[in-house]
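Student: structure for this input, please:
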Amino acid sequence: MLQLLQSPPINLNRNLRFFFRNESSFVPKKILIVAKLSRYHFEKLMEPELDEAQLKLKLLERGSDYDAMLASHLTTKAVENQVTQILQKMNVEYRIIDRTSLDQSYFTWADLVLPIGGDGTFLLASNLIFDNKKPIIGINSNPEKSEGYLLLSAKYTKAIPEIFEMLKAGHYSILMRRRIRITLKGDEIWQEPFHMHEKGRVVGDRFYTKKQFNKHKELPKERRLPWLALNEVFMGETLSARTSSLLIKMDEKQKYQKVKGSGLCVSTGTGSTSWYKSIHSVNYQTVQEILNLVDTKREFTNDEIEMICSMFNGSLRFDAEDSKLCYSIRDLIMTNAMPVPKGISTRGFCEKMIVKSQCFDASLVLDGGIAVPFNFGTIAKIETFSEDSLRTITLPD
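Tutor: Below is the predicted model:
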C-alpha cells in the first residue's frame, strides 16, 4: 500500500516594501534537508550490479553525457555538504532525506524544511507540508543548470552562512504562496495514489497516506485530498495521445460545459511561471508571422518582435499570494460540429472550478508528481484557501 504521497502585472512597489520589512529572529533548532536525487544517483540505483566503469560505458552507449551527469551530481553534493558542515558548527540538529527515503514523521519533527536542489526538489518537499505553519526555504544547488524560481537567488548558493545570519537577524520575509485544495466526489475516489516517477521506475519512491483503508468497508462518497498543489493540477487521459473529455463549470455557475482537448491545467500564481507559462508563451516565429499578416508592407525589426514576445510572456505571470486560479484547456478541439462553448476560453481566471471526468483512463496530477485516478463520473472541486498556503521564507536578492 502506498504510504506518504503526497493577470495583472505584479506590483513592484509592494515587493519593495515587502523586503524592507524585518521579521522576528528565527533560529531553527531542527532542520530537515530534502536533498535532490541526481540523475547520476538515479542511474546507479537502477544498475546496482555495475561498477563505475561499466556504468559509464552503458551510459555512453545510450547517448548520455556521463561527465556532465557526474559533475552535476558532485556540484549538488558539495552544496549539501557545505550546508551540513555549517549546521554542525551552529549545533543545529538536522536530518537528510531524498526521494527514496521520504518519511512524513521527519516533516512533523522539523521546525524548518530546507530543500537543496532545483524546483522539483522544492515541489517534492512542499507536497509533504500540510498546513501554513511549517516554514520552507530552498537552496539552488546548481544555478548554472537550474533557474530555481522557487529557491533563493544564485548568490546564496555561494554564501550559505549568510542565509542563517539573515534568519537570526530577522532580515527575511514570508511569502504565503497559495496552494490548490482538491475535493473528490464519486464512487471510485479511494483508489491508491501513485507518483508519476513510479512510471519511470524511481526506486523507493513512495508517498505515504496517513492511514490504510479497508476495501471491504463502505467508504464516503466525498474525499478531500491531503496533498496540496503549489504549481498546478492537471486532469486528463493518462495516455497523452488520447482526447480528454471533461465537463467544467466555474465559480457560481450552475451548468456544466463540455470541452475536449489534451487535458485541463489549473494553475496558481506560483505556477504561472511554470507549466502555465510554457503552454501560453509566444515565440519569435509566431509573433513575426502574425505581424506579417497584420501589415504586409512593414518589416518589423528583430528588437520589436522580441519586445512583443517579452511583454506578452511577462504578462502571463500573476502574484503567488493571489487567491485566483488560472485554467488552461490544452489543444482545445474547435470544429463546426463542436464550437467553443459560450463563456469558455482556452485560458481564463476563476476563484473555483468544478470538473467532472468523461475520461476512461485518466489521472488528476498535482505538481507533476502525485496522481490519483480520475475516471468517468468522478468530480473534482478545485479551490484555494489561505490556511493551505505555503509559508515560504524569502531573502532579498
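Student: C-alpha from now on. contacts and neighbour counts both.
Tutor: Will do.
Student: give me the contacts around the longest helix anywhere in the chain.
Tutor: Among the segments of the chain that qualify as a helix by DSSP state H, the longest is helix 66-89. With contact meaning CA atoms under 8 Å, 6 or more residues apart in numbering, helix 66-89 is reached by 35-36, 38-41, 56, 59-60, 93-94, 116-117, 141-142, 157, 160-161.
Student: which of the residues you listed are buried, as a ChimeraX select command?
Tutor: Per 16 or more other CA atoms under 10 Å, the buried members of the contacts of helix 66-89 correspond to this ChimeraX selection:
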select :35,36,38,40,56,94,116,117,141,142,157
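Student: in strands only, show me the contacts of helix 66-89.
Tutor: Counting by DSSP state E, those place 35, 93-94, 116-117 in strands.
Student: S267 reaches E232, doesn't it?
Tutor: Yes: applying CA atoms under 8 Å as the test, S267 and E232 come out as touching, 4.2 Å apart.
Student: and of the ones in strands among the contacts of helix 66-89, the nearest to T273?
Tutor: Checking the ones in strands among the contacts of helix 66-89 against T273 by CA to CA gives G117 as the nearest, at 18.1 Å.
Student: name the nearest residue to S262, ignoring sequence neighbours.
Tutor: R330 (5.1 Å; CA to CA, 6 or more residues apart in numbering).
Student: give me every residue that touches that neighbour.
Tutor: R330 touches 261-265, 279, 346, counting by CA under 8 Å, 6+ apart.
Student: adding neighbour count and pLDDT, write those residues out as TSV.
Tutor: Shown next, in TSV, are the contacts of R330 (neighbours: other CA atoms under 10 Å; pLDDT from 0 to 100):
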residue	neighbour count	pLDDT
G261	18	95
S262	21	96
G263	25	97
L264	27	98
C265	22	98
I279	14	95
T346	15	91
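Student: Q257 pairs with what?
Tutor: I248 (DSSP bridges).
Student: distance of it relative to I163?
Tutor: Applying CA to CA, to the nearest Å, the value for Q257 to I163 is 49 Å.
Student: ok, now L37?
Tutor: When L37 is compared with I163 (using CA to CA), they lie 23 Å apart.
Student: next: L325.
Tutor: 32 Å.
Student: now the stretch 151-300 of the chain, which segments are flagged as low pLDDT?
Tutor: 197-217 (pLDDT under 70).
Student: one more pass at 80, please.
Tutor: Residue ranges of the stretch 151-300 of the chain with pLDDT under 80: 195-217.
Student: residue boundaries of the strands in it?
Tutor: Here the stretch 151-300 of the chain has its strands, by DSSP state E, counting those that start in this stretch, at 173-177, 180-185, 194-195, 222-224, 232-237, 244-250, 257-261, 264-267.
Student: the longest one: how far from the chain's middle?
Tutor: Pointing back at strand 244-250 there. 22 Å (CA atoms, centre = their mean, to the nearest Å).
Student: could the strands of the stretch 151-300 of the chain be laid out in CSV, adding distance to S146?
Tutor: Listed next are these as CSV, based on distance: least, CA to CA, whole Å:
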stretch, distance to S146
strand 173-177, 21
strand 180-185, 25
strand 194-195, 23
strand 222-224, 34
strand 232-237, 20
strand 244-250, 32
strand 257-261, 31
strand 264-267, 21
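Student: relative to its centre, which residue of this structure is most distant?
Tutor: K297 (44.5 Å; CA atoms, centre = their mean).
Student: where does that residue fall, phi/psi-wise?
Tutor: Main-chain torsions, K297, degrees, to the nearest 10: phi -90, psi -20.
Student: can you tell me how far it sits from E304?
Tutor: From K297 to E304 the distance is 16 Å (CA to CA).
Student: outline the domain layout of the protein.
Tutor: Following the TED database, one gets these domains for the chain: 30-171, 179-273+319-388, 280-316.
Student: which one, of the strands of the stretch 151-300 of the chain, ends up nearest to K356?
Tutor: strand 244-250 (4.9 Å).
Student: what's that closest one packed up against?
Tutor: Packing partners of strand 244-250 (3 or more CA pairs under 8 Å, 6 or more residues apart in numbering; DSSP states H and E): strand 232-237, strand 257-261, strand 352-357.
Student: now do N91: how many residues are near it, please.
Tutor: 11 (other CA atoms under 10 Å).
Student: over to R95?
Tutor: Count around R95 with other CA under 10 Å applied: 13.
Student: repeat for the one 3 residues further on
Tutor: Burial measure for D98: 19 neighbouring residues, criterion other CA under 10 Å.
Student: that one touches A35, doesn't it?
Tutor: Yes: taking contacts as CA under 8 Å, D98 lies within contact range of A35: 4.9 Å.
Student: A strand includes V340, no?
Tutor: No: with DSSP: H, G, I helix; E, B strand; the rest coil as the criterion, V340 is located in coil rather than a strand.
Student: out of everything not next to it in sequence, what's closest to it?
Tutor: M334 (5.9 Å).
Student: do you know how far that neighbour is from C265?
Tutor: Taken as CA to CA, the span from M334 to C265 is 18 Å.
Student: same question, N231
Tutor: Distance from N231 to C265, by CA to CA: 10 Å.
Student: confidence score at the residue nearest to V340?
Tutor: With respect to pLDDT, M334 scores 86.
Student: got the phi and psi for it?
Tutor: Dihedral angles (degrees, to the nearest 10) for M334: phi -130, psi 110.
Student: tell me the spacing between it and S345.
Tutor: 11 Å.
Student: how about the strand or helix carrying Q54 as CSV, C-alpha atoms only?
Tutor: Using DSSP states H and E, Q54 maps to helix 52-62. Presented in CSV, the C-alpha positions along helix 52-62 are these (Å, rounded to 0.1, in the frame of the first residue of the first chain):
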residue,chain,number,x,y,z
GLU,A,52,31.7,2.7,-12.2
ALA,A,53,33.5,1.8,-15.4
GLN,A,54,30.6,-0.4,-16.5
LEU,A,55,28.1,2.2,-15.7
LYS,A,56,30.0,4.8,-17.6
LEU,A,57,30.2,2.6,-20.6
LYS,A,58,26.5,1.8,-20.6
LEU,A,59,25.5,5.5,-20.2
LEU,A,60,27.8,6.5,-23.1
GLU,A,61,26.5,3.7,-25.3
ARG,A,62,23.0,5.1,-24.6
